[in-house]
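Sequence first, then the predicted structure, then my questions.
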Amino acid sequence: MMRRSVLVVALALGACSFEGQHQDLRDYIEETKRRPLGRIEPLPEFRPYKAFSYGAIKLRSPFERIKEEQKQEFIGSSAGVEPDFAREREYLEGYSMAELKMVGTIEKDNTLWALVNDSDGGVHRVTTGNYLGKNHGRVIAAAQGQLDIVEIIPDNLGGWVERPRVLKLEEE
């Protein structure tokens, strides 16, 4: 019996000892409850949906295949155009047109040479007849402020078409 009463007294004393702990937490909770309440912003005003009228509904979808009559028209305009795959590729054909910049011109022996900067920092001389760009671009005319180029690109129908490009002088 004595053991039981000692056990009860020990438990009662132990329970009393935990009462004073965490007073700082209780004080913080009370202080937070005394603070003024915050204000919640109202929801933004709802704007009604305005319908959009698509005006190009009668045009051909870019995701559809070209109709047969349009194919014939397209192929007829590019007949006989194809790149020369047997030709040895020039150095600047390893760069896309976006990576090339015309930075100046020089004239030597009555020939105008354009100075073209590649994306690696090299500057190269280019004149009429040289090739540059990844799409078989051939320089057809060199002028003081620009290079006129004709690229040969696939037409996605098994053929090739010519596309004119201009590489203009970039001044800083």
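Looks like it arrived, so ask away. Numbering: from 1, shown residues only.

Show me where the protein has its strands.
101-108, 111-117, 123-126, 131-132, 137-142, 146-154, 160-168 (DSSP state E).

now the end-to-end length of stretch 54-62.
Stretch 54-62 has an end-to-end distance of 15 Å (criterion: C-alpha to C-alpha, to the nearest Å).

so for that stretch, what's the average pLDDT?
Average pLDDT, stretch 54-62: 75.

hang on, the earlier thing: put together JSON lines for the strands of the chain, with mean pLDDT, mean neighbour count and distance to residue 58 on each row.
No exception for glycine: its C-beta is placed from N, CA and C like everyone else's. Below are these laid out as JSON lines (pLDDT from 0 to 100; neighbours: other C-beta atoms under 10 Å; distance: least, C-beta to C-beta, whole Å):
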{"stretch": "strand 101-108", "mean pLDDT": "90", "mean neighbour count": "14", "distance to residue 58": "41"}
{"stretch": "strand 111-117", "mean pLDDT": "92", "mean neighbour count": "17", "distance to residue 58": "44"}
{"stretch": "strand 123-126", "mean pLDDT": "93", "mean neighbour count": "16", "distance to residue 58": "45"}
{"stretch": "strand 131-132", "mean pLDDT": "94", "mean neighbour count": "24", "distance to residue 58": "41"}
{"stretch": "strand 137-142", "mean pLDDT": "92", "mean neighbour count": "19", "distance to residue 58": "36"}
{"stretch": "strand 146-154", "mean pLDDT": "91", "mean neighbour count": "18", "distance to residue 58": "28"}
{"stretch": "strand 160-168", "mean pLDDT": "90", "mean neighbour count": "15", "distance to residue 58": "26"}
